[in-house]
Structures are given as structure tokens and as C-alpha cells.
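Colleague: coords please:
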Amino acid sequence: MGAGSRDEDGAGGAGGRPVRKVRHVSRPVLFVAFAFAVMGDPVSSVAYAIEACLRELRGDLALLVPTMAVVVGIIVLVVANYHQLIGRFARGGGAAGASGAAFGDGWAFLPLGALIVDYALTISISVAAGASAIIAFLPRLEPARVPIALALCVAVAGVTWFGHGGRAVFAVMTMAFAGVAVAVIASGLLHARVVGGTPALATGAGHWPPLAILLAFPVGMALATGVEAPSSAIAQLGQLDDAGRRRFGRATLWVMLAIVGTLTMGLADLAVRLRVGLPPANSTLVAQIAKASVGSGGLFAAFQLTSALLLLAAASSSFQAGPGLLKALAGERRSDLRIAGILPAWIGRTNRHHTPYWGVAVFLGVSVAVVAVAGGRDQVLVLYYAVAVFVSFLVGLVAMASFSRREGRRGWVVANVAGALAVTVTLLVNVGKGFPLVSLAATLAIAFGLHRAWVRAGRPRGIAEADRLAEEELGVDPDPSAPGQAAP
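Modeller: Below is the predicted model of the structure:
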């Protein structure tokens, strides 16, 4: 039995698991809810990734659009490879499942360690960027940046404590931000035409443009975080068979690419046309672009509000996925699969809302510490961000290259190798800056620790399925009438 053979009517789970129910909706509605919820992370990254690139370019607007074009181009490569991965692993699993199938379960710990670090950083940078969005609208709150970011972090964790939110909520937030952002871009392009704005700017002196782009684009690859989400999240779609999950996952990838690419290139082009440079400490680049495009009225307020809410939704999503993964590693029991607990059992304990409360507490503690050390500034955190997930990308792409080579699919081998090389360059340039070594070290340390625990547990089979199991839990609705594993 696999993800596609789960009991859709909510019959009792194995091993004492609480009874669950799968909600039945029409396929178009299900797709919209799934796709726009899953793409919330990369779409929300637009709020800080473009500014991160401009900072790395030392404010050189002439190079912003080509730099973001490189970023989007590499995302296209990664999306194409994950299109293939979803085709092979239609029941979910992502890079962990692919690496386990290609090289053995032991290799799954690299992407699993990367995911854990990525979830913690996503929470941290999302609440910090949410605070930045609020401050950009109310600049007088700048002195309270750290308390605001910490309060948002605690609030999101508190909401998560009472159970996982539905896809529809996250989907609405993603669509609202995308819609308002498109309106801002359209208005900005019209305004630029009226006032005679032009993208023709002289490149700043002091750096060679190709080298400047090479050094800047890896920071902007924060946009790629979350690109892998559909390959794992399709495990949530218990209503569908393998073919349906495959279609949903692949369509989500390409819709996500279209939206992220459009918003990124549109906002970057506006920054150039309207001559919007690096923002002051109490604002953000995207806020300055929006204000230059539509003024400080209602549409600007809507842009700031929807971006803040989407960022908090991205944090909430990681507050659900991260503890869920720890719960799976702590000893998830399934009728179709048994993973011996390689983490302490207490970390998987759930309250009456089926929330692994100790896992939430762990991620809350780590995120609060990270936000505090970074002074609540997303532009500090983004330097550490696009590292861990690229370890996961690299392992997944190498695994797919191995499958393609064995099967004699030369075209895919070329695509897999090209994607792996682009990801490797991104990793090397980022790590070469020094600061991101912290993220890489944390990823490797967690992967090594999990591997050691796995060895001590007798190397149980199926550990590469942990990510899929965690995602399955998010795809079903708790039955209020069922007895949960209540907290003491």
C-alpha cells in the first residue's frame, strides 16, 4: 500500500494513530487550493530576494534585471528536473525519496538535514520580512523591529499549536498577494511610461558586470526555496491516484514558475524604470517600488498587508512541516510502512489537535534565537538562506541523473547534469562568502546526527519515506470526534 491507497473515508489508522478524514472537493478547486498553498514560500520570497540581489550589486540598478534573469533561468532548470522527479515519485518523497531509492536509505539524511535547517530558516526570515513589511508601512515602528519579529514568530507558533491550517487559507493569501502585486506592476509600468522612466542606466564603476552578476545571483536564489515543495506535498493528495498526483504536482511547478518569474522580473524592471535604489532602514525595496508605482494610498496598503500575511503563512507552513518531519523520524507507525524511531519518542507527541507540540517548541526556540541574533533583519538572514535547500536540490538532481543514466535517457542526463552544475555553482559562490558556512555546517551536522541515530537503531528500512509520511499528515483533516494523543 502507498500514499494512493490510503483510506479516503477516514477508517481508523494503524498503530493507534488518530482517525483521519480526507476532504472531498472538486478537482479544479482542489488544484487551486493545493497549488497556491504549496507555492506560498517561493512567491513570498519575492519580498526580500530582489533587494538581496541589489545589495550584493552595491545598488547598481543597471545589473538588477540581468541578475534576476539568471536567478529565474536557474529556477527553470531546477523546475524541469523536479518535473522529472515527480514523474518518477508520484506518491511524494522529494529529494529524500529519490536519493534513498538511487543510493540507499543512508543518503536520504542529507536532504532530510537540509529540510530541517530550511524549515527553521524559512520561519525566521519570513517573520523578519513580515516585520519589515509592517515597518515599511509604519516607519515609526523601526525601533521595535526585533520585538515585532519575535512577537510574530510566537504568534504563528501559537496558531500552529491548535492544528494545521487548511490549504484554502494559504492559497487565498498567495493569490491575494499575487493579484495585488500584478496591479502594482501594471500601475508602475503605466506611471513609468507617463513620466518617461527608462531602464537605460549606466553600470556603476568599480566592478566587472559579469563578475558582479556571478557574485550576486546566488543570494537571489532565495527565490528557489520552496521549488521542491510540490514533489513532497503531492503526498497530501490522498484523494487522487498516482496519475492525478503527478498531474497536480507538475502543473503546480510550472504555474509557480510563471508567477514567481513574472513578479520577480516585473518588480525588478520597475525598480530600474522608476530609479528605485536601495531602501532606507525603515523600508524595503519592494515597498519603495510599490510606493513609487501607486503612491501611499489604498493599493500600497493592500500590497504591504498581503505581503505580510503571505510571509506569515510561509512561516506557518514551515511550523507545520518541520515538526511533522521530526514526528515521522521519532517513530511514525503506518499500516504500509514502519519507521523505527530514530529520534526520542517525546518529540513526536501530539496534543488533542494532533499537533506535535514539542516539535513546534523546538522550531520556535531555534527561530526565536536566529531572529534575535539577526536583529530581526531579513536582509541579514537571506545571506544564510539559499544554502541548505540547495544541498537538497543537489542530492536530488544527482539521484535523478543516476536514474536517467541507468535507463539510457540521454536528454534527461544532460538536463540533470546541467541542473546539478548550476546548483553547485550557487552553493560554492554562497559558501565562499563565509557566512553561509553556518547553514551548511548545520545541515551536515543534523544529517550526521540523524545518520548516527539510524545506525544505532539498526538501520531500519524506509527512512527515506519520512518526508512523504510527514506530508501525508498535512493532507488530511483531523476528526474532532476521534481521540487524539493528548498532551499530558
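Colleague: does Ser283 count as helix, strand or coil?
Modeller: coil (DSSP: H, G, I helix; E, B strand; the rest coil).
Colleague: ok, now which ones touch the spatially closest residue to it that is not a sequence neighbour?
Modeller: Once flanking residues are discounted, Ser283 sits nearest to Ala136: 4.5 Å by C-beta to C-beta, 6 or more residues apart in numbering. Every C-beta, even on glycine, is put in place using the N, C-alpha and C of the backbone. Ala136 makes contact with 279, 282-284, 287-288, 304, according to C-beta atoms under 8 Å, 6 or more residues apart in numbering.
Colleague: rerun at 7 Å
Modeller: Contacts for Ala136 (C-beta atoms under 7 Å, 6 or more residues apart in numbering) come out as 283-284, 287, 304.
Colleague: give me the mean pLDDT for whichever strand or helix holds it.
Modeller: Using DSSP states H and E, Ala136 sits in helix 109-137. Mean pLDDT, helix 109-137: 96.
Colleague: chain center to the helix or strand hosting Val154, what's the gap?
Modeller: Taking DSSP H and E as the criterion, Val154 maps to helix 145-161. With C-alpha atoms, centre = their mean, to the nearest Å as the basis, helix 145-161 stands 19 Å off its chain's centre.
Colleague: point out where the protein drops to low pLDDT.
Modeller: Along the chain, the parts satisfying pLDDT under 70 run over 1-25, 163-167, 193-206, 332-340, 475-488.
Colleague: returning to what we had before: Produce a ChimeraX select command limited to the buried residues of the contacts of Ala136.
Modeller: Provided next is the ChimeraX selection string for whichever of these are buried by 16 or more other C-beta atoms under 10 Å:
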select :283,284,287,304
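Colleague: ok, the contacts of Ala136 vs Ser45, which is closest?
Modeller: Nearest to Ser45 among the contacts of Ala136 is Thr284, at 12.8 Å by C-beta to C-beta.
Colleague: out of the contacts of Ala136, who's nearest Thr426?
Modeller: Taking these together and measuring to Thr426 by C-beta to C-beta, the closest member is Thr284, at 23.5 Å.
Colleague: identify the residues contacting that closest one.
Modeller: Neighbours of Thr284 in contact, by C-beta under 7 Å, 6+ apart: 47, 51, 132-133, 136.
Colleague: got it, and Ser187?
Modeller: Per C-beta under 7 Å, 6+ apart, neighbours of Ser187: 293-294.
Colleague: that one: what secondary structure?
Modeller: Three-state call for Ser187 (three-state DSSP): helix.
Colleague: distance of it relative to Ala47?
Modeller: The spacing between Ser187 and Ala47, counted by C-beta to C-beta, to the nearest Å, is 18 Å.
Colleague: picking up where we left off before, now the helix holding Val154 against helix 109-137, angle please.
Modeller: Interaxial angle, helix 145-161 versus helix 109-137 (axes from the mean of the first three to the mean of the last three C-alpha atoms, to 10 degrees): 120 degrees.
Colleague: could you list every helix and strand in contact with helix 145-161?
Modeller: If contacts are counted by 3 or more C-beta pairs under 7 Å, 6 or more residues apart in numbering; DSSP states H and E, helix 145-161 sits against helix 109-137, helix 298-329, helix 357-373.
Colleague: would CSV of these with distance to Ala157 be doable?
Modeller: Formatted as CSV, the helices and strands packed on helix 145-161 follow (distance: least, C-beta to C-beta, whole Å):
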stretch, distance to Ala157
helix 109-137, 8
helix 298-329, 6
helix 357-373, 4
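Colleague: I'd like to know which of those is closest to Gly73.
Modeller: Nearest to Gly73, of the helices and strands packed on helix 145-161 and by C-beta to C-beta, is helix 109-137 at 22.0 Å.
Colleague: now do the helices in the stretch 351-488 of the chain.
Modeller: Counting by DSSP state H, counting those that start in this stretch, the stretch 351-488 of the chain has helices at residues 357-373, 378-385, 388-406, 410-432, 437-456, 466-474.
Colleague: buried stuff in the last one?
Modeller: Using 16+ other C-beta under 10 Å as the test for burial, helix 466-474 gives 466-474.
Colleague: what lies in contact with the helix holding Val154?
Modeller: Counting by C-beta under 7 Å, 6+ apart, 123, 127-128, 130-131, 134-135, 141, 312, 315-316, 319-320, 355, 357, 360, 364, 367-368, 371-372, 375-376 sit against helix 145-161.
Colleague: which of the helices of the stretch 351-488 of the chain is buried the deepest?
Modeller: helix 466-474 (a mean of 26; mean count of other C-beta atoms under 10 Å).
Colleague: how far away from the center of its chain is that one?
Modeller: For helix 466-474, the distance to the chain centre is 16 Å (C-alpha atoms, centre = their mean).
Colleague: that helix packs against which elements?
Modeller: Helix 466-474 packs on helix 94-103, helix 109-137, helix 229-233, helix 298-329, going by 3+ C-beta pairs under 7 Å, 6+ apart.
Colleague: let's have these in JSON lines, adding distance to Gly462.
Modeller: Below are the helices and strands packed on helix 466-474 laid out as JSON lines (distance: least, C-beta to C-beta, whole Å):
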{"stretch": "helix 94-103", "distance to Gly462": "9"}
{"stretch": "helix 109-137", "distance to Gly462": "13"}
{"stretch": "helix 229-233", "distance to Gly462": "16"}
{"stretch": "helix 298-329", "distance to Gly462": "10"}
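Colleague: out of those helices, nearest to Gly87?
Modeller: Closest among these, once you apply C-beta to C-beta, is helix 229-233, at 10.0 Å.
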